[in-house]
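Visitor: Any chance you can model this:
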Amino acid sequence: MNIAAHPHPTATSGDTPQLREDLAAAFRLCHRFGWSESVANHFSAAVSDDGRTFLINPRWQHFATITPDDLQVLDADDPTVMERPDAPDPSAWAVHATLHRELPQARVLLHCHSPYATALACLKDPKLLPIDNNTARFFGRIGYDLEFGGISDTNEEGAHLARAFGTNSVLLMANHGVTIAGNTVAEAFEDLYYFERAAQTLILARSTGQALNVLSDEVAQNTADGWKAYLGQGDRHFDYLKSVLDTEDPGWRG
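Guide: Presented below is the predicted three-dimensional model:
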């Protein structure tokens, strides 16, 4: 379940109405789950084979208002986008443009400051220990960036994050938050959902002050491998969540 590294990705989604709808839904759902933060944070999705052309949310538009047509198309090799009147904010460009350029296999990138993932990231040792099914889901799939240096708004910081991400599908950013990489929006959102649940379980277990019953590496890996049979549930879950939006937030499709 790691994001496979290869120099010439074959996955091609293109700038399709379906991709735009799915990404717009992810923004709306992130807000509904209580994971949005003012008008900050960014989700993006590659639309070119090499990952360098990607969709991303406009600068400072609230997650709860984003529709498919609002999403911008950026070229990671064109820094002049920062001179446009509708330029993305510096952190969006520094992080997402660099990650899509350096990690073309990461087709979708979801970054937010969800409460429990952020609390975990603020611990001296933020490692997600395998103590149940959900925490073990991510065993061997997490990169850790332990060198917080402030707001991620420089190309150098973007390159640093790309190195920390590597071929993992999750990057836990110390004193900051979490970024999830996936092949599709549904896949990435499912991991974002489960990572927040996993972080919540670990934080609550730690809050008791009692010793944790940590799974062995062998059992944790077996559990992580066991999740592979359930990969399709992310699509079903995301379809259900979009049906909720259709009923309760019908303007989300634009």
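Visitor: Stretch 137-157: end-to-end distance?
Guide: 28 Å (C-alpha to C-alpha, to the nearest Å).
Visitor: Flag every buried residue along it.
Guide: For stretch 137-157, burial by neighbour count (16 or more other C-beta atoms under 10 Å) applies to 137-139, 141-145, 152, 154, 157. All C-beta spots, glycine's among them, are computed from the backbone N, C-alpha and C.
Visitor: Check stretch 161-177 too.
Guide: Buried residues in stretch 161-177 (16+ other C-beta under 10 Å): 161-162, 164-165, 168-174, 176-177.
Visitor: Export these to a markdown table and append columns for pLDDT and distance to Asp75.
Guide: Formatted as a markdown table, the buried residues of stretch 161-177 follow (pLDDT from 0 to 100; distance: C-beta to C-beta, whole Å):
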| residue | pLDDT | distance to Asp75 |
| --- | --- | --- |
| Leu161 | 94 | 20 |
| Ala162 | 94 | 17 |
| Ala164 | 95 | 24 |
| Phe165 | 96 | 21 |
| Asn168 | 97 | 26 |
| Ser169 | 97 | 25 |
| Val170 | 98 | 27 |
| Leu171 | 98 | 23 |
| Leu172 | 98 | 29 |
| Met173 | 96 | 25 |
| Ala174 | 95 | 30 |
| His176 | 95 | 26 |
| Gly177 | 96 | 26 |
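Visitor: Of those, which belong to helices?
Guide: 161-162, 164-165 (DSSP state H).
Visitor: nearest to Ala181, of those residues?
Guide: Proximity of these to Ala181 (C-beta to C-beta) peaks at Phe165, which lies at 7.0 Å.
Visitor: Contacts only, for that closest one.
Guide: Contacts for Phe165 (C-beta atoms under 8 Å, 6 or more residues apart in numbering) come out as 99, 103, 106, 143, 171, 179, 181.
Visitor: And the strands in the stretch 1-150 of the chain?
Guide: Counting by DSSP state E, counting those that start in this stretch, the stretch 1-150 of the chain has strands at residues 42-46, 53-56, 72-75, 108-112, 142-145.
Visitor: for the stretch 151-254 of the chain, that is, sorry about that
Guide: Counting by DSSP E, counting those that start in this stretch, the strands of the stretch 151-254 of the chain are 170-173, 177-182.
Visitor: Distance to Pro17 for those strands - can I get that in JSON lines?
Guide: Shown next, in JSON lines, are the strands of the stretch 151-254 of the chain (distance: least, C-beta to C-beta, whole Å):
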{"stretch": "strand 170-173", "distance to Pro17": "29"}
{"stretch": "strand 177-182", "distance to Pro17": "19"}
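Visitor: Indicate which one of those is closest to His237.
Guide: strand 177-182 (13.2 Å).
Visitor: So which elements touch that closest one?
Guide: Where contact means 3 or more C-beta pairs under 8 Å, 6 or more residues apart in numbering; DSSP states H and E, strand 177-182 is packed against strand 108-112, helix 115-121, helix 155-165, strand 170-173, helix 185-207.
Visitor: Please save the CA atoms from the last one in CSV.
Guide: Listed next in CSV are the C-alpha coordinates belonging to helix 185-207 (Å, rounded to 0.1, in the frame of the first residue of the first chain):
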residue,chain,number,x,y,z
VAL,A,185,-9.1,11.0,-4.4
ALA,A,186,-11.2,8.2,-2.9
GLU,A,187,-8.1,6.2,-1.9
ALA,A,188,-6.3,9.2,-0.4
PHE,A,189,-9.4,10.4,1.5
GLU,A,190,-10.0,6.9,3.0
ASP,A,191,-6.4,7.0,4.3
LEU,A,192,-6.9,10.5,5.6
TYR,A,193,-10.1,9.2,7.4
TYR,A,194,-8.4,6.2,8.9
PHE,A,195,-5.2,8.1,9.8
GLU,A,196,-7.2,10.5,11.9
ARG,A,197,-9.0,7.6,13.6
ALA,A,198,-5.7,5.9,14.2
ALA,A,199,-4.2,9.0,15.7
GLN,A,200,-7.2,9.5,17.9
THR,A,201,-6.9,5.9,19.2
LEU,A,202,-3.3,6.4,20.1
ILE,A,203,-3.8,9.8,21.7
LEU,A,204,-6.7,8.5,23.8
ALA,A,205,-4.7,5.4,24.8
ARG,A,206,-1.7,7.5,25.8
SER,A,207,-4.0,9.8,27.8
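Visitor: Nice, that's everything, thank you.
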